[in-house]
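[1] Please find the sequence and the predicted model below.
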Amino acid sequence: MLHDDLPADPGGEAEGIGYAVLATSRDGIRWERHDDIFLNRAEDSDAWDHAMTWIGCCLDVGDEMFIYYGGYKRGHKIEAKTERQLGLATMPLDRFVSRDAEGKGSLRTVQCYLRDGKEKALTLNADASKGSIRVQLRDNRGEVIDGFSFEDCEPITRDGLHIPVRWKSKSLDDLLATTLHLEFEMENASLYGFDVTDR
């Protein structure tokens, strides 16, 4: 997000500052830009990226995301040929945003459809190292599906990018070609995402 009328330091010249924010879309057509800063400029006035940061590209490298970004020290395009530099920031894969529970909380998804065919597995990108997450499944009438209740789910109590969800006596293979809702019971945990994949 560019602010051409703001100084990098209080009382300085208004040479323009900038920082990276996130934009999200549910359909790839309509986008919403969020005001929270994702990649901020450096606080140190001597840093090469003190006035501006912008993201060039992101690459998935193993379980990390490499974020290559550019920066200016004094202001927007001030000494662009001599002071502009490139940097690298890293973060765990797909951990841009999360749903967090301080104490107990729950979350239910919109209706999902499990296609028939290959065997399926549900995995979470989550941090439950200080608490727990359990998952239950509901049918399209909102009723809990037998064998897939919170009580049937083995609690997740660790941090990981691809944590498998397991129930005591059932698996997603029993529900192929089914419409359902996923419901998450969380305690002192963060949920970054979930995925249903072929096993």
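    Perfect, thanks for sending it. Numbers count the residues shown, from 1 in each chain.
[2] Partner strands of the longest strand along the chain and their direction?
    Determined from DSSP state E, the single longest strand within the chain is strand 178-198. Partners of strand 178-198 in the sheet, by DSSP bridges, are strand 99-108 (antiparallel), strand 112-114 (antiparallel), strand 120-127 (antiparallel), strand 132-139 (antiparallel).
[3] now these in JSON lines, with mean neighbour count, mean pLDDT and distance to G28?
    Bear in mind the C-beta positions are built from the backbone N, C-alpha and C, glycine included. JSON lines is the format used below for those (neighbours: other C-beta atoms under 10 Å; pLDDT from 0 to 100; distance: least, C-beta to C-beta, whole Å):
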{"stretch": "strand 99-108", "mean neighbour count": "13", "mean pLDDT": "92", "distance to G28": "22"}
{"stretch": "strand 112-114", "mean neighbour count": "14", "mean pLDDT": "80", "distance to G28": "19"}
{"stretch": "strand 120-127", "mean neighbour count": "20", "mean pLDDT": "94", "distance to G28": "21"}
{"stretch": "strand 132-139", "mean neighbour count": "21", "mean pLDDT": "96", "distance to G28": "27"}
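[4] on that earlier part again, any buried residues in the longest strand of the chain, and which?
    178, 180-194 (16 or more other C-beta atoms under 10 Å).
[5] For the spatially closest residue to D174 that is not a sequence neighbour, give its distance to T109.
    Closest residue to D174 apart from its sequence neighbours, by C-beta to C-beta, 6 or more residues apart in numbering: G147 at 7.4 Å. According to C-beta to C-beta, to the nearest Å, G147 and T109 sit 19 Å apart.
[6] When these two are compared, which one has more neighbours?
    Per other C-beta atoms under 10 Å, whichever of G147 and T109 has more neighbours is G147, with 16 against 12.
[7] Contacts only, for the more buried one.
    The contact partners of G147, taken as C-beta atoms under 8 Å, 6 or more residues apart in numbering, are W167, K168, S169, K170, D174.
[8] Is the residue nearest to C112 when sequence neighbours are not counted bridged to anything, and to what?
    In this structure, C112 finds its nearest non-sequential neighbour in L180, 5.8 Å apart by C-beta to C-beta, 6+ apart. Beta bridges link L180 to C112, D139 when assigned by DSSP bridges.
[9] Kind regards, and thank you for your time.
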